[in-house]
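K.L.:
could you look at this predicted model? Sequence included:
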Amino acid sequence: MGNPASRFRSVGVWLALKPSAFAACREADAPAVEHALAKRATLCGIRKEQVTVYRHLFVARGAKQCSECKAKARAADAAASM
Ligand SMILES: [Zn+2]
């Protein structure tokens, strides 16, 4: 179960009240959608060479964020906060 404080943090991650641990980036060819960048590729599989990386962190909410990156960033952050 965990203590109430850690449970609260997990809920905060799930609701995307704070940025994820991933850098935000956009594909050069399709800059309308923001992705979450891990080491060598986005969470949805686009190679790092194909994206422009931003200096802010990916926030897993909003219509302009890639749905696959949002789901994976939430799962990763939730796992990291346990
Ligand atoms: Zn993505």
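P.N.:
It's in. Because the structure is predicted, anything quoted here is derived from the model rather than measured.
K.L.:
in which helix or strand would I find residue 77?
P.N.:
Residue 77 belongs to helix 67-80 when elements are defined using DSSP states H and E.
K.L.:
tell me the buried residues in that helix?
P.N.:
For helix 67-80, the neighbour count (16 or more other C-beta atoms under 10 Å) marks 69-70, 72-74, 76-77 as buried. Heads up, the C-betas are built off the backbone N, CA and C, glycines and all.
K.L.:
then stretch 27-37?
P.N.:
Quick answer for stretch 27-37 (16+ other C-beta under 10 Å): 27, 34-37.
K.L.:
check those residues against the ion, which are close?
P.N.:
residue 35 (C-beta under 5 Å from the ion).
K.L.:
which among the buried residues of stretch 27-37 gets closest to residue 19?
P.N.:
Within those, the smallest distance to residue 19 is 9.9 Å, found for residue 36 (C-beta to C-beta).
K.L.:
got a list of what the closest one touches?
P.N.:
Residue 36 makes contacts with 20, 22-25, 42-43, 58, 60, 65-66, 69-70, 72-73, as judged by C-beta atoms under 8 Å, 6 or more residues apart in numbering.
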